[in-house]
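Visitor: predicted coordinates and the sequence they were generated for:
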Amino acid sequence: MRLVGVLMDYAENDPASQSLVAVFRGELAKLGWKEGGNLRIEVRWSAGRADRVGTFAKELVNLRPDVLLGRGTPETIALARETRTIPIVFAAVSDPIGSGFAASLTHPGGNISGFTNVEGTVGGKRVELLKEIAPRTTHVGPRIDEGADA
């Protein structure tokens, strides 16, 4: 049986966080990973409290899981402090290179990797894609609504 340790930054009773974990479990099941069969998932909920993040990270690492999942930057930092050998996957980190989790996006190195949708270095690529689908685009920038402060 494989063990996955999950460190969430939400409260356990938060409906949105329960939904995220349910989707995670569902996607693993689609890949053949069945809880209680070939998989055990241990989730810890920090509820955004910094004093709990470190304690829960240590607790999860001490379980010796096959992989760890850190939901946000503080959770991933706490997990990284506890292990350099157990693979850590982050789910919502805005700057994995600046946070020291990865050497680069193409070759992260170390034991940490993950997903980000707020990476500044891909901004140029987004503009290129926009030009491909809308070639007549001449300006790209933030929308400033009429009457709003600039």
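Guide: All right, it came through fine. Model, not experiment: these values are computed from the prediction.

Visitor: does residue 37 count as helix, strand or coil?
Guide: coil (DSSP: H, G, I helix; E, B strand; the rest coil).

Visitor: repeat that for the one 4 residues further on.
Guide: At residue 41 the chain is in strand, as set by three-state DSSP.

Visitor: what of residue 18?
Guide: Per three-state DSSP, residue 18 ends up helix.

Visitor: contact partners for the most centrally placed residue in the chain?
Guide: Nearest residue to the geometric centre of the chain (CA atoms, centre = their mean): residue 91, 1.3 Å. Each residue near residue 91 by CB atoms under 8 Å, 6 or more residues apart in numbering is listed here: 69-72, 114-115. In short, each C-beta sits where N, CA and C put it, glycine included.

Visitor: out of those residues, which is most surrounded?
Guide: residue 70 (29 neighbours; other CB atoms under 10 Å).

Visitor: pretty sure that residue contacts residue 7?
Guide: Yes - contact status for residue 70 versus residue 7: in contact at 5.2 Å, counting by CB atoms under 8 Å.

Visitor: between the two, which contacts overlap?
Guide: 78-79.
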